[in-house]
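Asks: mind looking at a prediction? Sequence and model below.
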Amino acid sequence: MNCKEMKMTAKIGILTVSDRASRGQYDDLSGPAITDTLNDYLSSPWQACYRLVEDEQHLIEAALCELADQEQCALIITTGGTGPAKRDITPEATEAVCDKMMPGFGELMRTESLKYVPTAILSRQTAGIRDRSLIINLPGKPKAIRQCLDAVFPAVPYCIDLLEGPYLECDESVVQVFRPKS
């Protein structure tokens, strides 16, 4: 079943940005780490829309636009390309396709990552909104993915509510989601 056949299920884009994984030089471990984390968090049904692209800005932008516009993913999580190296351009691609940037996500992820590694200040992960899709850039290491998502995910379902997306229900024993009381 593809994403378009999933009418009642939340669609979540998972985009791995990696030259070597896209060339088959090694397996993508980061995309599956995002899937595993979301499986732990979410109790409502969801469908992954997975993409793997090289560190090329036009390819990243095209994948983000496809996931947001054609697949209509409420949430798109990228992994890789957030460091200071010349080919790390995921934040630039994200900013180019977003209507609004959400800098608090990157600020919180860096703050959380600093608890584990002093090089977290080199990370440029960010987040933004394209129409009704929340896009979050994560680092490329599976362990860092979970650490960063643990920090920011409590705000994600409410952000998606504000964007008029699907209602994401979470396992409260795993992640404590915040939604204002009506």
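Replies: The structure has been received and is ready for your questions. Numbering: from 1, shown residues only.
Asks: only C-alpha atoms from now on, for both contacts and neighbour counts.
Replies: Will do.
Asks: tell me the pLDDT at Met8?
Replies: In this model, Met8 is scored at 71, pLDDT.
Asks: what about it, neighbour count?
Replies: Counted with other C-alpha atoms under 10 Å, the neighbours of Met8 add up to 10.
Asks: you'd agree Ile121 is up against Leu114?
Replies: Yes: proximity of Ile121 to Leu114 meets the contact threshold set by C-alpha atoms under 8 Å, at 7.3 Å.
Asks: okay, and the common contacts of these two?
Replies: With contacts defined as C-alpha atoms under 8 Å, 6 or more residues apart in numbering, no residue is shared by Ile121 and Leu114.
Asks: assign a three-state SS to the most centrally placed residue in the chain, would you?
Replies: Centrality entry for the chain: nearest residue to the mean C-alpha point is Ile77, 1.5 Å, by C-alpha atoms, centre = their mean. Classification of Ile77 using DSSP: H, G, I helix; E, B strand; the rest coil returns strand.
Asks: surely it touches Leu138?
Replies: Yes: contact criterion C-alpha under 8 Å: Ile77 and Leu138 qualify, at 7.1 Å.
Asks: on contacts alone, who are the packing partners of the lowest-mean-pLDDT helix or strand in the chain?
Replies: Scoring the helices and strands of the chain by mean pLDDT, DSSP states H and E places helix 19-22 at the bottom, with a mean of 92. Using 3 or more C-alpha pairs under 8 Å, 6 or more residues apart in numbering; DSSP states H and E, the elements in contact with helix 19-22 are strand 46-53.
Asks: list the buried ones in stretch 15-34?
Replies: Going by neighbour count (16 or more other C-alpha atoms under 10 Å), the buried part of stretch 15-34 is 15-19, 21-22, 28, 30-31, 33-34.
Asks: what does stretch 48-68 give?
Replies: 48-57, 60-61, 63-65, 67-68.
Asks: ends of it, how far apart?
Replies: By C-alpha to C-alpha, to the nearest Å, the extent of stretch 48-68 from end to end equals 13 Å.
Asks: over to stretch 144-159?
Replies: Stretch 144-159: ends 22 Å apart by C-alpha to C-alpha.
Asks: which residues touch that stretch?
Replies: Contact partners of stretch 144-159, identified using C-alpha under 8 Å, 6+ apart, comprise 30, 33-34, 37, 79, 105, 108-110, 112-113, 134, 138-139, 167-169, 175-179.
Asks: pull the distance from it to the chain's centre.
Replies: Relative to the centre of its chain, stretch 144-159 is centred 9 Å away, using C-alpha atoms, centre = their mean, to the nearest Å.
Asks: equivalent analysis for stretch 121-134, please.
Replies: In terms of C-alpha atoms, centre = their mean, the centre of stretch 121-134 is found 8 Å from the chain centre.
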